[in-house]
Each structure stands twice: as C-alpha cells, then as structure tokens.
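Chemist: Sequence and predicted structure are below.
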Amino acid sequence: MKQTRLMKILAAGAVCAVAVTTASAQVSSTTTTTAGGVGVTASTSANSLSGTGTINAYTPGSDYITFRGEAGAAPSRYYYTQNTPIVDTEGHTVQWSALRSDMPVNYTYVREGDRMVITKVTLQKPISYYEKTTTTTTTTSP
C-alpha cells in the first residue's frame, strides 16, 4: 500500500518536472489587433526561440545573416529587418555595419512559415573588444 502511494507521488513529480522544463524552454507571446474599427479582431501567436552561435556571413544591404551553431555544423540562414536591435553585453546599441564574421552572439528569433526571423541579437563580448586599435611610433634623430 505504501509502495503504491510512493510510486504515485514520484510519477506526479516527474510529470511536473517535465512540464516545467518544457514551459520554460519557450516563451509565447500573443498580439491582438483590431482592423478598421469594425470590431474584427485577428490574433497571431509566435513562439520566441533563442540560439547561440557565431556569425558565419553577413553582407550589408542583404536581408539575412547566417549563424553557425557548432564548429562542425552547417550555417543556418536567419532573416532580419533594419529595426532588429543589436546590443552588446553592456546593453549599448551596435550598428549593423559593426558586425563581422566569427563574432559570438546570442539571438532570439521566431518562425514565420519556413523562415526564421531574428527579433534580437546580443553580442557575447563588448563592442570595444572587437575594435582595432593601431599605434604608430615615430622616432626622430637629433
């Protein structure tokens, strides 16, 4: 009798742990809009996902960027808009022109059909880490 009760408690705990893990893995958001004041309401739901990787290729003026998740993995194409924010670890906004290949990043995205659309890119290191500094030493003879 005690064994049956203990097994039920352990099974319920395992189910709860799986449910909490699954729920925390995805963040869901719902947007509701009203069209033309007529009272017609359309709802869309998008699940925000996140990823970590390095920038594989970025061409200014294009509408996509490719990330490589692991060293041996094939790069994946993600689409963006000019309004997609890029920030560094300190929270400062970074311009798209500052992006280069092999920069480690964290990103969030949503799936829209067969496309993955980036909603935010966060550099893993401050932008000052990537800025090149050059020093010039001039010697003069007396």
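Modeler: All right, it came through fine. Numbers count the residues shown, from 1 in each chain.

Chemist: What segments of this protein are strands?
Modeler: Along the chain, counting by DSSP state E, strands occupy 27-35, 40-58, 64-68, 76-79, 86-87, 104-112, 115-123.

Chemist: How about the last one, which residues are buried there?
Modeler: Residues of strand 115-123 classed as buried: 116-119, 121-123 (neighbour count, 16 or more other CB atoms under 10 Å). (Each C-beta comes from the backbone N, C-alpha and C, glycine too.)

Chemist: Closest one of these to His92?
Modeler: Leu123 (9.5 Å; CB to CB).

Chemist: I'd say the closest one and Met103 touch.
Modeler: Yes - using CB atoms under 8 Å, Leu123 is in contact with Met103, at 6.2 Å.

Chemist: The closest residue to Lys120 other than its chain neighbours: what's it in contact with?
Modeler: Closest residue to Lys120 apart from its sequence neighbours, by CB to CB, 6 or more residues apart in numbering: Thr108 at 4.8 Å. Listed by CB atoms under 8 Å, 6 or more residues apart in numbering, the contact set of Thr108 reads 48-51, 118-120.

Chemist: Any figure for the gap between Thr108 and Gly13?
Modeler: Distance, Thr108 to Gly13, by CB to CB, to the nearest Å: 31 Å.

Chemist: before we move on, what about Thr84?
Modeler: 41 Å.

Chemist: Which one's more surrounded, these two?
Modeler: Neighbour comparison, Thr84 and Gly13: the larger count goes to Thr84, with 18 against 10 (by other CB atoms under 10 Å).

Chemist: Find the residue closest to that one in space, skipping its chain neighbours.
Modeler: Ile118 (5.3 Å).
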